[in-house]
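Q: fold the following and give me the result.
(4 chains, ligands or ions: 4)
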Amino acid sequence: MTATAAPAACLRPPLPPGRPMRELFGETLAELAIEDPRIVVLDGDVGSSTRADIFEKAHPTRYLQMGIAEQNMLGVAAGMSTLGLVPFISTFVAFSVVRPLDQVRVLIAQPRSNVKITPSYAGLFTGQTGMSHIIVDDLSIMRSLPNMVCVAPADHVEAALVLRWAAGYDGPCYVRLGRDATAQLFDERHRFEFGRAVTLRSGHDVSLVSTGAQTPRTLEAAELLAASGIDAGVLHVATVKPLDVGALVEVATRTDHVITVEEHTILGGLGGAVAEALSEHRPTRVDRIGLRDVDVESGANADLLDIYGLSAQRVAEQVRALVHQR
Amino acid sequence: MTATAAPAACLRPPLPPGRPMRELFGETLAELAIEDPRIVVLDGDVGSSTRADIFEKAHPTRYLQMGIAEQNMLGVAAGMSTLGLVPFISTFVAFSVVRPLDQVRVLIAQPRSNVKITPSYAGLFTGQTGMSHIIVDDLSIMRSLPNMVCVAPADHVEAALVLRWAAGYDGPCYVRLGRDATAQLFDERHRFEFGRAVTLRSGHDVSLVSTGAQTPRTLEAAELLAASGIDAGVLHVATVKPLDVGALVEVATRTDHVITVEEHTILGGLGGAVAEALSEHRPTRVDRIGLRDVDVESGANADLLDIYGLSAQRVAEQVRALVHQR
Amino acid sequence: MSGSIAAVGPPPAVDVAALREVARRIRVEVIRSVNHARAGHIGGPLSAAEILAVLYFQVLRIRPDEPAWPDRDRFILSKGHSAIGLYAAMALRGYFPVEELLTFDAAHSRLQGHPDMTRLPGLDMSTGSLGMGISAAMGIALAARLTGRDIRSYVLLGDGECQEGQVWEAAMAAPRYHLDNLIAIVDHNRLQQYGWPGDGPDGRVPPQMPGELAAKWRAFGWRVLEVDGHDVAALVAVLEEAGRGDGRPTVVIAATTKGKGVSFMEGHYYWHTRAIKPDEYASAMAELGEPLPVAEGAPEGTAR
Amino acid sequence: MSGSIAAVGPPPAVDVAALREVARRIRVEVIRSVNHARAGHIGGPLSAAEILAVLYFQVLRIRPDEPAWPDRDRFILSKGHSAIGLYAAMALRGYFPVEELLTFDAAHSRLQGHPDMTRLPGLDMSTGSLGMGISAAMGIALAARLTGRDIRSYVLLGDGECQEGQVWEAAMAAPRYHLDNLIAIVDHNRLQQYGWPGDGPDGRVPPQMPGELAAKWRAFGWRVLEVDGHDVAALVAVLEEAGRGDGRPTVVIAATTKGKGVSFMEGHYYWHTRAIKPDEYASAMAELGEPLPVAEGAPEGTAR
Ligand SMILES: Cc1ncc(C[n+]2csc(CCOP(=O)(O)OP(=O)(O)O)c2C)c(N)n1
Ligand SMILES: Cc1ncc(C[n+]2csc(CCOP(=O)(O)OP(=O)(O)O)c2C)c(N)n1
Ligand SMILES: [Mg+2]
Ligand SMILES: [Mg+2]
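A: Ligands and ions are numbered 1, 2, ... in the order given. Alright, predicted model coming up:
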């Protein structure tokens, strides 16, 4: 698979405000469940946060409260899947990836159980809850599990498309959703293709490779860079695993300089995956923008983006410095 | 830090049989505890496997059985450390890294609790227990946690040195120990330097970068390669985090081709860390030998090394193919 | 806001009126801080106000001016989402200026959304992921035993939190070591965040029915003491009894009301965490005996 | 070894003698296979022999020739380390040739060290990490309810395994859904792998004292049935009773002896898993009524 050379259909900065991905979680599953009787939602007592409550209203008997017991919840999901049901998990990233990781490994990834791990509260935006709730190594962890695939949609439009895809995909998958509204990147013409990266902007000086809710900010950063004379391409990698190696080699070849940008640690996530792939297939200078292996804290969303260097402004600054360095 | 250009003091193939690292766990802690009253061992009901029973015999009141309840065990360790004790964890990698990962994250890594996560049963050798007990992404996981450092000794000699270092190190650390005897690589003159990679063999055609119990086999592979006219260097990276970037850049510069070899997944572990570092500091062709994101199984140790391509013989074959490819 | 209580410190004998006033002040600071931060949990901190007041002003052997005093009793807020309640109690007790409470949840604040011991002196463990605090508290109690120190280890759990298996791992392990210096308190406020659908208030049912929690802890070998969690005199008595070990760890099950102190918040799951509207803020403060100077409520209100 | 039992399949009525013989054959195959593999657990599989015999030859509604039969009862070995006991029962019941048991633990075998459902048809879940099987079994029971299917979900736990918090998470959640099609069995053999030091046999104490487990499950809202886990007639009776739901999930606490059937293995923690010496192998097989042709024991013995 290779990236569409022609930029994909996406909106151009200034991007309009989007909707919270978590609302699309509740709404999309409620819709899908009308057609698909296999779908159930298991909730770890946070349905009012993940908006599983929207699904509950529509399908009360298929909303299953599991309480504050995530290990059991993931195990119950695995068991249900063996009878042909398709459980979607409703909790935060912290409590679906980290707390029950052994259950995800032994009961879901290894037996290839058809369970959908679809938490919200990904990345830095967790409602000012701080370190205990902010997970920025979920992609590093889930990517290292055999049989697990990882998808991080960029906005609420893509989130809905990814959830539809997940319901049809036969096997375990991890879909990383956000709590708060960020910018809208795609319009209704957007199509999600599993395993396929999309070029949002082609550039010749440097290639920015981005995933999840960071992508809209990365595209905005590219616009800022254009203003200061740097022509930066933007490749959106929604599917972090399996990786679209062809698309990466293509942008690496075009610019000879790749910079990954993610609302995630720079150790083992998108940046790690890109460095691995290019080191093997097309050695290239790869710089990684993201959380630099630091502790995180609570704070307003805008403050966090600024502190950790992930606002469009701060990304542009870092890219500028890296490009001039060379 | 940079690698000693002159090969470090290590034995030369054919390497003599070593001792099981887990025995050194019990013996070394029993010794250290005589001098250091802060040391205690917490056991997850596997002391007869991890050889915490050796420590128990020597210091019965400082051996604390925690039962088959790893989440609680890691939490108890964190609490004990706040009163100045230094708890060492006795269980398998599966049950100290994966099962209690949320506790490791919130109670140990984030508060920088002085707890030593020192499991045995790392890698493929778990006594023919199979998939549920074989963890090959522990380095990917632990490396992505802020404040966590990761050390994988090569043999029983280095394991003892690393455990001594760990007792003195102030903060959380992860030490990856093996169950079964593999070859002995180092003699008593060996010194472990935290954060420092050591050159075991300098070569000019390709640089093999290896860690943990795989390193002796990688060195043996280099000898086999020499026989077939390939001059392969071997760099032993015991400290996977923090990484000795200087040493990596040095070997990359010398050979322009790096091949990582690890008894671990090729996603996000040593190979991932090396690809990240070199992509940033010295773009180089990096191939990764290890578990190729596949399910594992039970079997005799020799069979597993052969199946997953990690015996000296199979590593040599793969390196030969990769070198000739270029 | 007068800092009188913070100033005088803990009364020599039990002064019920003073403890009640501390609990009221805790609630006031909780509402004020959460409203200011426009984020944070409400129902849980309010139900725990008397428990925190009694611990910090009567029971715990602590030195606010020497938070790291080695021989202090330890306290862990296992239900870490009630951090603002703990911060309010600590501020009133003199650990830091009451004014600092307004930095709650903000970037660079020592008062993180969930307790972060690396930032705020006086915190005995970082929490926020439920079910963990009790294990750390057990470790403290065990370490105190091993090192021969007279330290009591207190931990506050939620009743919903008791659904976490880790709580029962600790519950099963602690009696093995006869840790009667370990005292768990369950804030039994009969609500969790969202809960099971059913015919309770707002269509949800309690995490545990009356008596169920006590039966479980007893079956796990703990001494169980039950108390009205809003009666400060009763809390002092039961916690002092709990401090007199009988060879078993003790759990105090405190019957409370989630959202206690603000009529329209009491007993409603949706006040677990929620943005406070300007008018709600005004009436909450009024109910708590701190009517707002018109100046205070408005601007924040309009900012919503 | 005559495959007679496998041939005749389950007797129409309860044939106590036949079930006893199945249990004996399970033990024989366990010892033979573990000795052959030079690896694997022993004590746990031996204590569960009658339980597995009664399940696979009397209680479970299954079709060995159609392992994926959608309406079959499900069985999960939560104490996955006793896999060889399960494999022996399945082989004897006709799921695969008894000879295949000698591939246990070997590379490419369908009979992995711990149950791997992706390899062996008839396994209802992969296990090996303790505490998990009961959650999957609950999911099966819940899914059967939601889809209106008459499927019973059985799960076998160890008494040491009951220290895992996940077991109590499932225990607390299952009664919420009135899953009386969920039947947990605890192999209460009074030993775990290593255990707490104390004044029990070999200086270790049991994971749970008599009565303790029953009290805990009762407090969590389960129907508790107790039985002698080596009495096949009693097991049949209690499991049939368990199958008649009363609105609650049921736990059958089966009093057993770890290592049962081989005198020198009974009640010793160190036979949890251990290499069998040639002479031990010979006497074990003799005690189990299958004295070795001199040929068999020796070579493997010398290979040790
Ligand atoms: C492991 C974990 N799972 C889920 C959450 C999200 N969460 C925060 S508070 C809460 C409800 C807690 O209820 P309870 O323990 O009764 O606390 P209280 O009623 O006192 O607020 C939940 C589910 C969490 N913080 N940690
Ligand atoms: C989560 C987890 N922790 C530890 C182990 C290692 N382990 C395997 S068996 C065992 C003892 C189990 O004791 P019990 O449940 O009583 O089983 P039985 O006595 O029937 O063999 C332990 C600790 C494991 N498999 N999984
Ligand atoms: Mg509550
Ligand atoms: Mg047992």
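Q: for A:N147, see how far away A:T82 is.
A: Separation of A:T82 from A:N147 (Cβ to Cβ, to the nearest Å) stands at 16 Å. Backbone N, C-alpha and C define where each C-beta goes, glycine included.
Q: also C:Y56?
A: 50 Å.
Q: C:G40 too?
A: In terms of Cβ to Cβ, C:G40 sits 39 Å off from A:N147.
Q: quick one, which of the two is more surrounded?
A: C:G40 (28 against 18; other Cβ atoms under 10 Å in any protein chain shown).
Q: now the residue of chain A found nearest ligand 3: closest residue in space, sequence neighbours ignored.
A: Here the residue of chain A nearest ligand 3 is A:I68; by Cβ to the ion that distance is 9.8 Å. Closest residue to A:I68 apart from its sequence neighbours, by Cβ to Cβ, 6 or more residues apart in numbering or on different chains: C:Q163 at 4.3 Å.
Q: for the residue in chain C positioned nearest to chain A, give me its contacts.
A: Per Cβ to the nearest Cβ, C:G128 is where chain C lies closest to chain A, at 2.6 Å. Residues near C:G128 by Cβ atoms under 8 Å, 6 or more residues apart in numbering or on different chains: A:129-133, B:106, C:80-81, C:83, C:113-115.
Q: please report the distance of it from A:N301.
A: C:G128 is 18 Å from A:N301, by Cβ to Cβ.
Q: for the closest residue to C:R274 other than its chain neighbours, give its distance to C:D105.
A: Leaving aside its sequence neighbours, C:R274 sits nearest to C:I42 (Cβ to Cβ, 6+ apart; 6.6 Å). Distance, C:I42 to C:D105, by Cβ to Cβ: 13 Å.
Q: ok, now A:L29?
A: Taken as Cβ to Cβ, the span from A:L29 to C:D105 is 31 Å.
Q: comparing the two, which residue is more hemmed in?
A: More crowded of A:L29 and C:D105, by other Cβ under 10 Å: A:L29, with 30 against 27.
Q: for chain D, what's its nearest residue on the stretch 151-300 of chain C.
A: Closest point on the stretch 151-300 of chain C to chain D, by Cβ to the nearest Cβ, is C:G165, at 2.3 Å.
Q: show me where chain C has strands.
A: C:74-77, C:153-158, C:182-188, C:196-197, C:204-205, C:223-228, C:250-255 (DSSP state E).
Q: average pLDDT across the first one?
A: Mean pLDDT, strand C:74-77: 98.
Q: for that strand, which strands pair with it and how are they oriented?
A: strand C:153-158 (parallel) (DSSP bridges).
Q: near ligand 3 at all, the partner strand?
A: Yes: using Cβ under 5 Å from the ion as the criterion, contacts between strand C:153-158 and ligand 3 involve C:G158.
Q: so that strand versus strand C:182-188, what angle?
A: Using axes from the mean of the first three to the mean of the last three Cα atoms, to 10 degrees, one finds that strand C:153-158 and strand C:182-188 are set 20 degrees apart in direction.
Q: for strand C:153-158, give the mean pLDDT please.
A: 98.
Q: interface residues of chain A facing ligand 1?
A: A:44-46, A:68, A:95, A:99 (Cβ under 6 Å from any ligand atom).
Q: which one of those is nearest to D:M285?
A: Lowest distance from D:M285 to these (Cβ to Cβ) belongs to A:R99, with 46.1 Å.
Q: if I pick the closest residue in space to the closest one that isn't next to it in sequence, what's in contact with it?
A: For A:R99, ignoring the flanking residues on the chain, the nearest one in space by Cβ to Cβ, 6+ apart is B:D102 at 4.1 Å. Listed by Cβ under 8 Å, 6+ apart, the contact partners of B:D102 are A:94-95, A:98-99, A:101, B:71, C:129, C:132.
Q: tell me the secondary structure for B:D102?
A: helix (DSSP: H, G, I helix; E, B strand; the rest coil).
Q: can you tell me how far it sits from C:V14?
A: From B:D102 to C:V14 the distance is 40 Å (Cβ to Cβ).
Q: how about the nearest residue to the residue nearest the centre of chain A, chain neighbours excluded?
A: When Cα atoms, centre = their mean is applied to chain A, the residue found nearest the centroid is A:A152 (1.9 Å). Distances taken as Cβ to Cβ, 6+ apart put A:G212 closest to A:A152, at 3.4 Å, once the chain neighbours are dropped.
Q: can you tell me the closest non-neighbouring residue to the residue of the stretch 201-304 of chain C found nearest ligand 2?
A: Relative to ligand 2, the nearest point of the stretch 201-304 of chain C is C:F220 (17.6 Å; Cβ to the nearest ligand atom). Closest residue to C:F220 apart from its sequence neighbours, by Cβ to Cβ, 6+ apart: C:A171 at 4.2 Å.
Q: what about the one you found, neighbour count?
A: 26.
Q: same check on A:I307?
A: For A:I307, using other Cβ under 10 Å, the count is 17.
Q: go ahead and confirm it touches C:A107.
A: Yes: using Cβ atoms under 8 Å, A:I307 is in contact with C:A107, at 6.1 Å.
Q: shared neighbours of the two, anything?
A: A:297, A:299.
Q: okay but C:G158 is in contact with C:K79, surely?
A: Yes: using Cβ under 8 Å, C:G158 is in contact with C:K79, at 3.9 Å.
Q: OK, contacts around A:L185?
A: Counted by Cβ under 8 Å, 6+ apart, A:L185 has contacts A:10-11, A:15, A:18, A:154-155, A:157-158, A:200, A:215-216, A:219, A:236.
Q: kindly report the same for A:G26.
A: Contacts of A:G26 by Cβ under 8 Å, 6+ apart are A:50-55.
Q: for C:G131, same thing?
A: Contacts for C:G131 (Cβ under 8 Å, 6+ apart) come out as A:68, B:71, C:78, C:161, C:164-167, D:165.
Q: for ligand 2, what's the nearest residue on chain C?
A: Counting by Cβ to the nearest ligand atom, chain C gets nearest ligand 2 through C:E169, at 11.0 Å.
Q: right, and that residue touches C:R176 too?
A: No: using Cβ under 8 Å, C:E169 is not in contact with C:R176; the gap is 11.6 Å.
Q: who has more neighbours out of these two?
A: C:E169 (32 against 16).
Q: pLDDT score for the more buried one?
A: 99.
Q: and the helices in the chain?
A: By default, I'm working from chain A. Assigned by DSSP state H, the helices in chain A fall at A:21-35, A:47-50, A:52-58, A:70-81, A:93, A:101-103, A:138-143, A:156-168, A:214-227, A:245-255, A:270-281, A:301-307, A:312-325.
Q: other chain: chain C
A: Ranges of helices within chain C are C:4-8, C:16-37, C:43-47, C:49-54, C:83-93, C:133-146, C:165-173, C:212-219, C:232-243, C:278-287, C:294-303, based on DSSP H.
Q: remind me which residues of chain C are low pLDDT?
A: Scanning chain C with the threshold set as pLDDT under 70 gives C:1-12, C:295-304.
Q: nearest to ligand 1: which residue in it?
A: C:G158 (2.0 Å).
Q: can you count the residues close to that residue?
A: With other Cβ under 10 Å as criterion, C:G158 counts 30.
Q: for it, what are its contacts?
A: C:44, C:78-79, C:82, C:130, C:186-187, C:189, C:192.
Q: filter these down to the ones near chain A?
A: When contact is defined as Cβ under 8 Å from any Cβ of the partner chain, these meet chain A at C:130, C:192.
Q: from the contacts of C:G158, keep the buried residues only.
A: C:44, C:78-79, C:82, C:130, C:186-187, C:189, C:192 (16 or more other Cβ atoms under 10 Å in any protein chain shown).
Q: dump those to CSV, plus distance to ligand 4.
A: Below are these laid out as CSV (distance: Cβ to the ion, whole Å):
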residue, distance to ligand 4
C:G44, 39
C:S78, 30
C:K79, 34
C:S82, 39
C:L130, 29
C:V186, 30
C:D187, 36
C:N189, 38
C:Q192, 33
